[in-house]
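Dropping a prediction and its sequence here:
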Amino acid sequence: MQGILVAVYGNRGVGVTTFAAAVAAETVRLAKKGVFNTVLVSNDRSAPAADLWLPTENSAADLGKLLEQSSISVTDLFEAVSTPKNGDLQALALLGNVKGAQLHTHSQPDEETVRRILLGLKRFQDARTTIGAVIVDCTDESDPFTAVALREADVVVSLIHADRKGVAFVQSHKALYTQLDAEDVEQLVFPVQRNTFDPVGAVSAELAGWKPALPVQASIPVCDEAHRKLVEGSLFDRYGDLRYRSAVDTAVKTILRVAQYVV
């Protein structure tokens, strides 16, 4: 098994955070032969992730404050992570901003610092722990965590609106997808069907016909359950919606395969 870096990216408002959380939790659950330690990272300061992941807990590590320390090691970061209280998710570590970490509360780290952190986490190993995957909940490319994750990723999972907005997003990122293809980075593209009349088939056909052709997966459906989990603060609970769970499982199996983890 080797540690890998996974970037979950897409249109704003398409459900990247909820999907990243579901994938991180299911990665831990589906790694049945031994512990597959997974770190979920988000630097989103407009909607601090720690309060979405652990809304009823007061012990979440504040990524912003950690990054402002004059000297911080990867060991310091790993020792400060939060963990969901779910009994089956003890191998899941969380790093995000907490409530009150507004846009200008903490200064942004430079990309070299972020690169050292993400690759350090990916390669982290001590007497008790090795990391299977570092999953980054990406915002936009102005965020150093997103920029570095997309540049250094072993797997990129893209969520796009299953309409013209999604196609426009891909078109505006053509250089990125071409580069990922040239570097043989594992890619998955999921159209997200927010409305029953979204033209999923037309969007999938258009993207599959691109050069390079994008590996378009089955669409993620309209799913009230995802919104309910966001409201309730239960993003790490397993989904009952079978189509949504199937998309999550597709991403997880790809992560485990790229990590050379035998399920």
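Perfect, I can see it now.

I'd like the average pLDDT over stretch 203-220.
Taken as a whole, stretch 203-220 has a mean pLDDT of 84.

What helices and strands are in contact with the least confident helix or strand in the chain by mean pLDDT?
Least confident element among the helices and strands of the chain, by mean pLDDT, DSSP states H and E: helix 74-80 (a mean of 78). Helix 74-80 is packed against helix 63-67, strand 92-95, helix 111-122, with contacts defined by 3 or more Cβ pairs under 8 Å, 6 or more residues apart in numbering; DSSP states H and E. C-betas here are computed from N, CA, C, even on glycine.

so which of these comes closest to residue 24?
strand 92-95 (6.0 Å; Cβ to Cβ).

so which of the helices and strands packed on helix 74-80 is the most packed in?
For the helices and strands packed on helix 74-80, the largest average neighbour count (mean count of other Cβ atoms under 10 Å) is found in strand 92-95, namely a mean of 26.

Touching it from outside, list them.
24-25, 28, 37-42, 49-50, 53-54, 60-61, 63, 66, 77-78, 80-84, 236 (Cβ atoms under 8 Å, 6 or more residues apart in numbering).

Buried ones among these?
Among the contacts of strand 92-95, the ones that count as buried by 16 or more other Cβ atoms under 10 Å are 24-25, 28, 37-42, 49-50, 53-54, 60-61, 63, 66, 77-78, 80-84, 236.

quick revisit: just the CA coordinates for the least confident helix or strand of the chain, please, in CSV.
The C-alpha trace of helix 74-80 is given here as CSV (Å, rounded to 0.1, in the frame of the first residue of the first chain):
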residue,chain,number,x,y,z
VAL,A,74,3.5,17.3,9.9
THR,A,75,3.6,15.4,13.2
ASP,A,76,2.1,18.5,14.9
LEU,A,77,-0.7,18.5,12.4
PHE,A,78,-1.5,14.9,12.6
GLU,A,79,-1.5,15.0,16.4
ALA,A,80,-4.0,17.8,16.3
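
could we number from 43 for the rest of this?
Got it, the first residue is 43 from now on, which makes the last one we talked about helix 116-122.

I'd like to know how far the nearest residue to residue 279 once chain neighbours are set aside sits from residue 57.
Closest residue to residue 279 apart from its sequence neighbours, by Cβ to Cβ, 6 or more residues apart in numbering: residue 271 at 6.4 Å. Using Cβ to Cβ, to the nearest Å, residue 271 is found at 11 Å from residue 57.
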